[in-house]
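Colleague: Give me a 3D structure for the following:
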Amino acid sequence: MLGKKRFQPFFEKLYHFSKFGRNIGLPIDVQSSGEINFIRFVANKTHYNEQFVFFDIVANHGIYTDKVLQLIPGKKHCYLFEPQDELYKELSAKFSGNADTMVIKKGCGSEHGQVKLF
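Modeller: Below is the predicted model:
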């Protein structure tokens, strides 16, 4: 029974529900997840003369990178990793005029190889 594709939506909902129980908030919303506060904390500790490097792993729509570019002072280099074709194209278009960003069509994981995305 476990591991069947037809149960995937159920397990995804269960996973997201468990995140609310840990007071994490909406998984892709920077504002409600509390992660905006962490970005602001880092921004307050970063000085204009420092170079800030940010890795957005599974960048999705680039929401976190948007906030880093907006809030972190000084010189930044943002590397966005997104393996999905459509999201990669969206990110490439969105950040094409920004020299501080690089969109990379790769995923990141603990093992070298390829996986099928659902």
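
Colleague: low pLDDT regions in the protein?
Modeller: Residue ranges of the chain with pLDDT under 70: 1-3, 16-17, 19-29, 31-33, 118.

Colleague: ok, which stretches of it are strands?
Modeller: With DSSP state E applied, the chain shows strands at 51-57, 75-81, 101-104, listed in chain order.

Colleague: would you turn the ones you listed into CSV with mean neighbour count and distance to Glu35?
Modeller: All C-beta atoms are positioned from the backbone trio N, CA, C, and that covers glycine. Putting the strands of the chain into CSV (neighbours: other Cβ atoms under 10 Å; distance: least, Cβ to Cβ, whole Å) gives the following:
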stretch, mean neighbour count, distance to Glu35
strand 51-57, 15, 12
strand 75-81, 18, 15
strand 101-104, 19, 19
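
Colleague: Using TSV, lay out those strands together with distance to Tyr15.
Modeller: Supplementary listing: those in TSV, determined by distance: least, Cβ to Cβ, whole Å:
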stretch	distance to Tyr15
strand 51-57	18
strand 75-81	21
strand 101-104	26
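
Colleague: Leu91 is nearest to which of those strands?
Modeller: With distances scored as Cβ to Cβ, the stretch of those nearest to Leu91 is strand 101-104 (4.6 Å).
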